[in-house]
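*Asks:* How does the following fold in three dimensions:
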Amino acid sequence: MAESSIGYASPQEAMQAPREDIVYVAGLYEGTGEERPDFLGVVDVDPSSDTYSQIIHTTDMPNVGDELHHYGWQICSSACHAQDRERKHLVVPGVRSSRIHIVDVATDPRAPEIVKVIEPEEVKAKTGLSAPHTVHCMPGDNVVMSMLGNAEGGRGGGYLVLDAQSFEIKGRWEANGAPEWAYDFWYQPRKNVFLSSEWAAPEVFMPGFNLEDVAAGNYGHSIHFWDLDKRTVQQTIDLGDTGMIPLEIRWLHDPDSETGFVGAALSSTMWRFYRDGAKWAADTVIEIETRDLEGFPVPVPGLITDLVVSMDDRFLYFSNWLHGDLRQYDISDPAKPKHTGSVALGGLFEEARHPNGTVLDGGPQMLQLSMDGRRLYATNSLFSTWDNQFYADLDSWLVLIDIAEDGAMSLNPDFFVDFSALPGKPRAHEIHLPGGDCTTEIFQ
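*Replies:* From the prediction side, this is the model:
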């Protein structure tokens, strides 16, 4: 089992972390027609194990209807200066219920245990917010969580702060208000900057995707640069019609870096943001062309729904959920990414099969990359109501893409986790590695 203590003072040290022997995966029943509690699944990823590529434990949530979505650690490398800090707990929110679960993964990493539940009534009463999304540890012994809506689920997102030890709600993070939409966020401590992106209000995205909401201006299209210490927005960049629904944000891991990427899902464009003198700027560096599909009301976008940057800042990976391909780009020059490989994992167009013969339903969605950059995990569920619209009766899976030393990608023939084989056909969403991973480690 990989060490749970932090100990990563740099990306280079993080790359030397022991190989993971399990991964955690959020499993959910929302939208499947089953009234069952969501769960945190433990998957064996040790090739020498008798239970390799199997779900060896599920930690069930105490309620139904949470829609576990994104979750994260209570501590990460940006807090590594404290000798006694350990990665002991996962903070697991339900985006639909606004309930927050604190899960102990240190006592028995293979059988996590829920040690605290913060009910939605408390969340809304103390913050006026709902629909928790991204979870990051933050300076000051805090865990900060983006909240996608006001207490009623309308416009007016913000950021909730938990005490990283007691897991009591401290209040809101932002000093004097936040943009009306929220989604992902990332920060660079050494540069004193915090960057946030936008989706939509919960009342808009939760029922499903409606094209009329785009025309009505109900989806986000901007990114926001904050002063990390003052907790105030310093600059907003409107990405316009070619930057609709900017979701996942990934800074380069180099703590001196002043650049990174954000994927605009609906526009299917990848943007590079960077410091330009005293201001910040953003340019489109990758564009995925739409494709025509009979019976579809508009040309089909790739729908860039997740992205990850390797710990050495060598490669960018992202998923085109509707087109069905997972792409790799060499970002040695971040301003000019070079397409270096793709893996077919489903989509609305051509049929794709796993090497074991299974037809891959849905398309690649959530991604997670090992610290050494050699194992890329992918699941296929986006959001319950959106799943049902675009991939009815979705069969959900977790697959592994092996990355060779030269970057060549291949779908591992021996690894396939069929979540749909479980009772009620749950769906697999976000993935985290017990020793930390490329979407959680922030260095200072």
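
*Asks:* Ala318 and Met61, how far apart?
*Replies:* Just so we're on the same page, residue 318 is Phe rather than Ala. To Met61, Phe318 is 29 Å away according to Cβ to Cβ, to the nearest Å. Heads up, the C-betas are built off the backbone N, CA and C, glycines and all.

*Asks:* quick one: the helices in the stretch 301-444 of the chain?
*Replies:* Taking DSSP state H, counting those that start in this stretch as the criterion, the stretch 301-444 of the chain carries its helices at 384-390.

*Asks:* which stretches of the stretch 51-200 of the chain aren't confidently modelled?
*Replies:* 79-84 (pLDDT under 70).

*Asks:* all helices in it, in order from the N-terminus.
*Replies:* Using DSSP H, counting those that start in this stretch, helices in the stretch 51-200 of the chain cover 120-127.

*Asks:* need the strands for it, in chain order.
*Replies:* In the stretch 51-200 of the chain, the strands defined using DSSP state E, counting those that start in this stretch lie at 55-60, 72-73, 89-93, 100-104, 113-118, 129-138, 142-150, 158-163, 169-172, 185-188, 193-196.

*Asks:* Please state the backbone phi and psi of Arg272?
*Replies:* phi -100, psi 130 (degrees, to the nearest 10).

*Asks:* got a list of what it touches?
*Replies:* 259-261, 282-283, 285, 334-335 (Cβ atoms under 8 Å, 6 or more residues apart in numbering).

*Asks:* ok, of these, which come out buried?
*Replies:* 259-261, 282, 285, 334 (16 or more other Cβ atoms under 10 Å).

*Asks:* Put together TSV for those, with secondary structure, pLDDT and distance to Ser310 on each row.
*Replies:* TSV is the format used below for the buried ones among the contacts of Arg272 (DSSP: H, G, I helix; E, B strand; the rest coil; pLDDT from 0 to 100; distance: Cβ to Cβ, whole Å):
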residue	secondary structure	pLDDT	distance to Ser310
Thr259	strand	98	15
Gly260	strand	98	13
Phe261	strand	98	12
Ala282	strand	98	22
Val285	strand	98	17
Pro334	coil	98	13
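
*Asks:* of the residues you listed, closest to Ala352?
*Replies:* Nearest to Ala352 among the buried ones among the contacts of Arg272: Phe261, at 25.3 Å, using Cβ to Cβ.

*Asks:* hang on, isn't that closest one packed against Leu307?
*Replies:* Yes: counting by Cβ atoms under 8 Å, Phe261 does reach Leu307; the two are 6.3 Å apart.

*Asks:* Between the two, which contacts overlap?
*Replies:* With Cβ under 8 Å, 6+ apart as the test, Phe261 and Leu307 both reach 250, 270, 316.
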